[in-house]
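Student: Give the three-dimensional model of this entry:
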Amino acid sequence: MHRLVFSIFVCFLAIPPFLNRRVVADFVTCSGIVPMRYRYAKISITDFGAVGDGSTMNTEAFRAAIYRIEILRRRGGTLLYIPPGVYLTGSFNLTSHMTLYLARDAVIKATQDTTNWPLIAPLPSYGRGRELPGGRYMSFIHGDRLRDVIITGENGTIDGQGEVWWNMWRQRTLQFTRPHLIELMNSQSIIISNVVFKNSPFWNIHPVYCSNVVIQHVTILAPSDSPNTDGIDPDSSYRVCIEDSYISTGDDLVAVKSGWDEYGIAYGRPSNDITIRRVTGSSPFAGIAIGSETSGGIENVLAEHINLYNVGVGIHLKTNTGRGGVIKNISISDVYMENVRKGIRIAGDVGDHPDDKFDPNALPVVEGVTIKNVWGEKVQQPGSINGLKNSPFTGICLSNIKLGGGTGPRKTPWQCSDVRGGAVEVSPWPCSELISADHSGVCTIPF
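Tutor: Model prediction:
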C-alpha cells in the first residue's frame, strides 16, 4: 500500500506509528467557495450587559446585540466580539452579514433550563421531528434565510451542555426532538471555522437547505456514549466544504443527508457537491456516512484524506426501502482506519421511518460508488455490501484496499448481495459479486 497518500493533520502534534505509510498530501482546499470577509464595524457582547461569569443569564444581551446588527445594516456587516469568559445563555438567532467571533478562552454555554426552550416547525423534508412527532426544539444557535454569516475566532468554545437532553432521551421523557447545537436553514455564504463545539444536545452542525458553506479547522467533542451527537450533517445542501477538522462524538462524524421518506421525496432537494477532506476522528458509529435519510438524493460527494480511530464502521453508505432517492457519484479515497468493527458497509436496510405512510415501493438507487486507497489495521470485519433485490446497487468499485488485523472467531469475510461492480487489489478479497475490475469494465471512474 505504498501508494497510499494521507494528509498529516497539522493540528495534532503526536506522530502516529504508521507514519511510514503516510506522506503529506499536496495541499488542496475547497474553502475558496466562500471568501473570508473582514468586518470594519465591531461591537462587543459586553456592550449589551453580558457578564462572563458562568452563572449570569445573557440571553437578552445576545438577542439585543444581534438585533442591533440587524437594524443598523452596516455596509460590510458587523462583528460581534465575545471576550474571554463563560457566557451562559438560552438559544438565539443569528442575522445576515455578521461575524460571531469568539476570543481565546471565550465560552458560549447553553443553559440547562429546558422549560422555556423555543419550539419551531419540523423541517418539510422530514415531516415531523426526527425523534418525535410534532415540532422540535430550536437549535442553540439558529438562523433561517441568512446570507454572509461567519462563526469563527481563536478556538473559543460553544458548549451545548447536552447531558440534560441526553438524560431525557435515555429516560424517554422528551416531549419534542432535541435541539442541534447549530442549525442554519435556507442560508448561503456561510463560514464556520476555528471554534470548538462540545456537548451538543443532538447533531452538532446542521446546515440544511443551504448553499456555499465552508466548515474548517473546527473541533467537535462529545462523549462516546452521548446519543445521536453527529458531528457535521450537511442536509439537502449544495456546495459544502468540510476540511481540516477533528471530531470525536457519540455518532457519525460526518453524515450527508437529504430528507426522510415520503417527505424528503416530496420536497425533492438533494445534497450535491459535498467535499470532506482531511478529517480525523473517532466514534462508536460511522466515520464517513451517507444517509440514512437520503430521500432527496445525494450526488457528487468527495471524501479524501480521512483518518479514523476506534470507530464502529469506517465508511458507511446507508439507505432503506421507502427512502427513494438516488445516491450516485460518490468518491472516497485515501482513508486510514484503526481499531474498527467493520471497514466498509453499503446497506439498503438501515434506518427507521417517520410514520406508516411511507411507500415500500419507493426504492433507493445506488450507483457509481468508488472507494480506493484504504488501509485498515485491527479491522474485525472488512465489509459488507447489501443492495435490494428489486434495486441492486450498481457500479460499486473498490480499489487498492487492505483491511487487516482481525483475529479470532469474530473475523468474518466480506458479505454481499444484490450488488454489481468491480474490485482490484483488495485484501481480503471481496465477494464474488465484485468481479475483477481489470475484466469487468464497470469502473468508469479512473483508479
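Student: and His180, what helix or strand is that in?
Tutor: Counting by DSSP states H and E, no helix or strand carries His180.
Student: Actually, Ile69.
Tutor: helix 59-72.
Student: cool, and Val279?
Tutor: strand 271-290.
Student: partners of that strand, with directions?
Tutor: Using DSSP bridges, strand 271-290 pairs in its sheet with strand 238-248 (parallel), strand 254-256 (parallel), strand 298-318 (parallel).
Student: CA atoms only for it, dumped as PDB, please.
Tutor: Extracted C-alpha coordinates of strand 271-290, given in PDB (Å, rounded to 0.1, in the frame of the first residue of the first chain):
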ATOM      1  CA  SER A 271     -27.400  17.200  -1.300                       C
ATOM      2  CA  ASN A 272     -25.000  17.900  -4.100                       C
ATOM      3  CA  ASP A 273     -21.300  18.800  -4.400                       C
ATOM      4  CA  ILE A 274     -20.100  17.900  -1.000                       C
ATOM      5  CA  THR A 275     -16.300  17.800  -0.200                       C
ATOM      6  CA  ILE A 276     -15.000  16.200   3.000                       C
ATOM      7  CA  ARG A 277     -11.200  16.400   3.300                       C
ATOM      8  CA  ARG A 278      -8.500  16.000   6.000                       C
ATOM      9  CA  VAL A 279     -10.900  15.000   8.800                       C
ATOM     10  CA  THR A 280      -9.700  12.900  11.800                       C
ATOM     11  CA  GLY A 281     -11.800  11.400  14.500                       C
ATOM     12  CA  SER A 282     -13.300   8.600  16.500                       C
ATOM     13  CA  SER A 283     -16.900   7.400  17.000                       C
ATOM     14  CA  PRO A 284     -18.700   4.200  18.000                       C
ATOM     15  CA  PHE A 285     -20.700   4.600  14.800                       C
ATOM     16  CA  ALA A 286     -19.500   5.700  11.400                       C
ATOM     17  CA  GLY A 287     -16.500   7.800  10.300                       C
ATOM     18  CA  ILE A 288     -17.800   9.000   6.900                       C
ATOM     19  CA  ALA A 289     -21.500   8.300   6.300                       C
ATOM     20  CA  ILE A 290     -24.100   8.800   3.500                       C
END
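Student: Show me which positions of it end up buried.
Tutor: 271-283, 285-290 (16 or more other Cβ atoms under 10 Å). No exception for glycine: its C-beta is placed from N, CA and C like everyone else's.
Student: what does stretch 402-422 give?
Tutor: Lys402, Leu403, Gly406, Trp414, Cys416, Asp418, Val419, Arg420, Gly421, Gly422.
Student: what's the average pLDDT for it?
Tutor: Mean per-residue pLDDT for stretch 402-422: 83.
Student: And stretch 154-162, by the same measure?
Tutor: 98.
Student: That stretch spans what distance, first to last residue?
Tutor: Chord length of stretch 154-162, first to last residue, is 23 Å (Cα to Cα, to the nearest Å).
Student: who touches that stretch?
Tutor: 82, 102-112, 140-141, 178-179, 181-182, 194-202, 219, 222, 226, 229 (Cβ atoms under 8 Å, 6 or more residues apart in numbering).
Student: Show me the helices in this structure, by range?
Tutor: For the chain, the helices defined by DSSP state H cover 59-72, 163-171, 261-267, 437-440.
Student: Give the other helices and strands that the third one contacts.
Tutor: Right, the one you point to is helix 261-267. Using 3 or more Cβ pairs under 8 Å, 6 or more residues apart in numbering; DSSP states H and E, no helix or strand is in contact with helix 261-267.
Student: which residues of the stretch 51-200 of the chain fall in strands?
Tutor: Using DSSP state E, counting those that start in this stretch, the strands found in the stretch 51-200 of the chain span residues 53-57, 78-82, 85-89, 92-93, 98-102, 106-110, 119-120, 136-137, 141-144, 147-153, 156-159, 182-185, 188-193, 195-198.
Student: Mind putting the buried residues of stretch 402-422 into JSON lines with distance to Pro360?
Tutor: Shown next, in JSON lines, are the buried residues of stretch 402-422 (distance: Cβ to Cβ, whole Å):
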{"residue": "Lys402", "distance to Pro360": "39"}
{"residue": "Leu403", "distance to Pro360": "34"}
{"residue": "Gly406", "distance to Pro360": "35"}
{"residue": "Trp414", "distance to Pro360": "28"}
{"residue": "Cys416", "distance to Pro360": "23"}
{"residue": "Asp418", "distance to Pro360": "16"}
{"residue": "Val419", "distance to Pro360": "21"}
{"residue": "Arg420", "distance to Pro360": "23"}
{"residue": "Gly421", "distance to Pro360": "26"}
{"residue": "Gly422", "distance to Pro360": "31"}
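Student: can you tell me which of those residues are in strands?
Tutor: Lys402, Leu403, Cys416, Val419, Arg420, Gly421, Gly422 (DSSP state E).
Student: of all the residues you listed, which comes closest to Gly135?
Tutor: Val419 (39.5 Å; Cβ to Cβ).
Student: Is it correct that the closest one is in contact with Leu398?
Tutor: No. Here Val419 lies out of contact with Leu398, judged by Cβ atoms under 8 Å, at a distance of 10.7 Å.
Student: okay, and the common contacts of these two?
Tutor: Leu434.
Student: In a markdown table, list the ones in strands among the buried residues of stretch 402-422 along with distance to Ile158.
Tutor: Formatted as a markdown table, these follow (distance: Cβ to Cβ, whole Å):
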| residue | distance to Ile158 |
| --- | --- |
| Lys402 | 39 |
| Leu403 | 36 |
| Cys416 | 42 |
| Val419 | 41 |
| Arg420 | 45 |
| Gly421 | 42 |
| Gly422 | 44 |
